[in-house]
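Asker: Next input, structure requested:
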Amino acid sequence: MADVAVIGAGTMGHALALVFALGGHRVRLTDNNPATLDRAPRLMQAALASLVEAGEADRSWTAERLQRAVTCVAEAEETVRGADLVIEAIIEQPEVKRRLFAGLDPVMRPDAILASNTSYLDPFPLMPEHRLPRAIIAHWYTPPYLVDLVDIVPNPKTDPAVVEQVRGMIAAMGKKPIVFKQIVPGYVANRIQAAIGLEVYRLLDEGLVTPREIDDSVIHGLALRWPVLGVLAKADFTGLALLQDALRHRTYEPPPLRDNCDTLDRLIAEGRTGVAAGAGFFDWGGRSPEELYRERDRKLLALKKAMRAVGSMEPS
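Answerer: Coordinates of the predicted model:
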């Protein structure tokens, strides 16, 4: 059992607190926004209820037990004091992270591991240099209590024993850690997701298809095969010569890199920022975010259970 401090109680932070609590660790959670910290226990309890209902968490995990396992703390300094592992899960703004790391450094134990959940920044230049041997990226995917992939990335000065300690801790919780030798911007899953996003944004801005047609194409086409085959095993089943011909004779060019999507900009300007606002690309019918998250979680849990029974295609 480790003492784990999670800095940031938003979309990722509260969910990471739940993951580590279920993994048998003592967790302290903080956020500089009191409303976000106040909402975190309700979100954790809703997620826990879905996990218990699906048999993914023991029924001994009641709301009261969760409250004992995860302590919400108003001050970041008190959150990290004495922690074995400090997880940074705040906004992706370099200067904000730099100030956070500098402020926490005097309070953290000298031997504490500092792990950043950053999605696309290089956090290591933002950290005090003397922390680098015990600093690492541990990047999770939302919701982390359901999605098992975790990207682990050391910096050139990271002690290999720290990499193995974090990898082992994550694997022991039933997750799938992928250890990189160095920073790969966007990791693997995010880069593939970003490439798909470029195509999706172009299709939307050109008015060629609707959001529903895009999601139906993914759900009923790509998604059925990917859980079993992935991308490259699927290519083997398709036949590489066919893929070679498709590359040589394609009838359109992939979209160039871009820094905006007109459709996205319009929706955000209208206040349609996603489930939390009640609408984004789709109108979510006035249902609460908690209700929608629970429905999503129940469906993903049912899929995970089915996939365990089905299994994936593993090369010999």
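Asker: And what about Phe20, helix, strand or coil?
Answerer: helix (DSSP: H, G, I helix; E, B strand; the rest coil).
Asker: and Arg28, helix, strand or coil?
Answerer: Of the three states, Arg28 takes strand under three-state DSSP.
Asker: so what's it up against?
Answerer: Contact partners of Arg28, counting by CB atoms under 8 Å, 6 or more residues apart in numbering, are Asp3, Val4, Ala5, Val6, Val70, Thr71, Cys72, Val73, Glu78, Thr79, Val80, Ala83. Placement of C-beta: from N, CA and C, glycine included.
Asker: let's see 6 Å
Answerer: With contacts defined as CB atoms under 6 Å, 6 or more residues apart in numbering, Arg28 is in contact with Ala5, Thr71, Val73, Thr79.
Asker: Next: Val107.
Answerer: Contact partners of Val107, counting by CB under 6 Å, 6+ apart, are Glu77, Val80, Arg81.
Asker: Do me a favour and get the backbone dihedrals for the residue nearest to it when sequence neighbours are not counted.
Answerer: Distances taken as CB to CB, 6 or more residues apart in numbering place Glu77 nearest to Val107, at 4.6 Å, with adjacent residues excluded. In terms of degrees, to the nearest 10, the main-chain angles of Glu77 are phi -60, psi -40.
Asker: got the phi/psi numbers for the spatially most central residue of the chain?
Answerer: When CA atoms, centre = their mean is applied to the chain, the residue found nearest the centroid is Tyr141 (1.8 Å). As for Tyr141, its main-chain torsions (degrees, to the nearest 10) stand at phi -120, psi 150.
Asker: Quickly note the distance from the residue located most distally from the centre of the chain to Leu242.
Answerer: Relative to the centre of the chain, and counting by CA atoms, centre = their mean, the farthest-placed residue is His249 at 36.6 Å. Separation of His249 from Leu242 (CB to CB, to the nearest Å): 11 Å.
Asker: Would you check which pair of the contacts of Arg28 lies furthest apart?
Answerer: Spatially, the most separated pair among these is Ala5 and Thr71, at 10.0 Å (CB to CB).
Asker: count of residues packed around the closest residue to Ala54 other than its chain neighbours?
Answerer: With sequence-adjacent residues excluded and distances taken as CB to CB, 6+ apart, Ala54 is closest to Leu301, at 3.9 Å. Neighbour count for Leu301, taken as other CB atoms under 10 Å: 18.
Asker: Next up, phi/psi of Leu301, please.
Answerer: Leu301 has phi and psi values of phi -60, psi -40 when expressed as degrees, to the nearest 10.
Asker: Glu75 and Ile90: what is the separation?
Answerer: Distance, Glu75 to Ile90, by CB to CB: 15 Å.
Asker: ok, those two, which is more surrounded?
Answerer: With neighbours defined as other CB under 10 Å, Glu75 and Ile90 compare such that Ile90 has more, 20 against 11.
Asker: I'd like the domain boundaries of this structure, if you could list them.
Answerer: Following automatic domain parsing, the chain resolves into domains at 3-179, 188-259, 270-311.
Asker: tell me how far the ends of the shortest one are from each other?
Answerer: By CA to CA, to the nearest Å, the extent of domain 270-311 from end to end equals 43 Å.
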